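show me how the following folds:
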Amino acid sequence: MGTLIFIGLIGVYGGGAWKFWNGFGRTNFNPTLTNRVGLSLLWPALFITNQSYRRNFRKALKG
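Below is the predicted model of the structure:
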């Protein structure tokens, strides 16, 4: 059961990173590779702690 939950969490993390990566052009962030990689990989922590990031994340997902 624990393995199934872990696989599910990895899927949600990967799916969120993928959707943000593809929708990055709709955000207000500088379109550099460093920003794109960093913000895509750190999306769960930034989504929880940063209101501006949450708004941009939602913009990226609406595509």
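
need the longest helix for the protein.
Secondary structure of the chain per DSSP state H: the longest helix is helix 2-22.

which strands or helices does the next helix or strand after it pack on?
Next helix or strand after helix 2-22 toward the C-terminus (DSSP states H and E): helix 33-41. Under the contact definition 3 or more Cβ pairs under 8 Å, 6 or more residues apart in numbering; DSSP states H and E, helix 33-41 sits against helix 2-22. Placement of C-beta: from N, CA and C, glycine included.

in this protein, where is pLDDT below threshold?
The model of the chain has pLDDT under 70 over residues 63.

repeat that for 50
Applying pLDDT under 50 to the chain flags no residue at all.

keeping just the C-alphas, turn the longest helix of the chain into CSV.
Once non-C-alpha atoms are left out, helix 2-22 reads as follows in CSV (Å, rounded to 0.1, in the frame of the first residue of the first chain):
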residue,chain,number,x,y,z
GLY,A,2,2.8,2.4,0.8
THR,A,3,4.5,1.7,-2.5
LEU,A,4,1.2,2.6,-4.3
ILE,A,5,1.0,5.9,-2.4
PHE,A,6,4.6,6.7,-3.3
ILE,A,7,4.1,6.0,-7.0
GLY,A,8,1.0,8.2,-6.9
LEU,A,9,2.9,11.1,-5.3
ILE,A,10,5.7,10.7,-7.9
GLY,A,11,3.1,10.8,-10.6
VAL,A,12,1.4,14.0,-9.3
TYR,A,13,4.9,15.6,-8.8
GLY,A,14,6.0,14.7,-12.4
GLY,A,15,2.6,15.7,-13.9
GLY,A,16,2.7,19.1,-12.2
ALA,A,17,6.3,19.7,-13.3
TRP,A,18,5.4,18.6,-16.9
LYS,A,19,2.3,20.9,-17.1
PHE,A,20,4.2,23.8,-15.6
TRP,A,21,7.2,23.3,-18.0
ASN,A,22,4.9,23.2,-21.1
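
what's next to it, contact-wise?
Helix 2-22 has contacts (Cβ atoms under 8 Å, 6 or more residues apart in numbering) with 36, 39-41, 43-44, 57, 60-61, 63.
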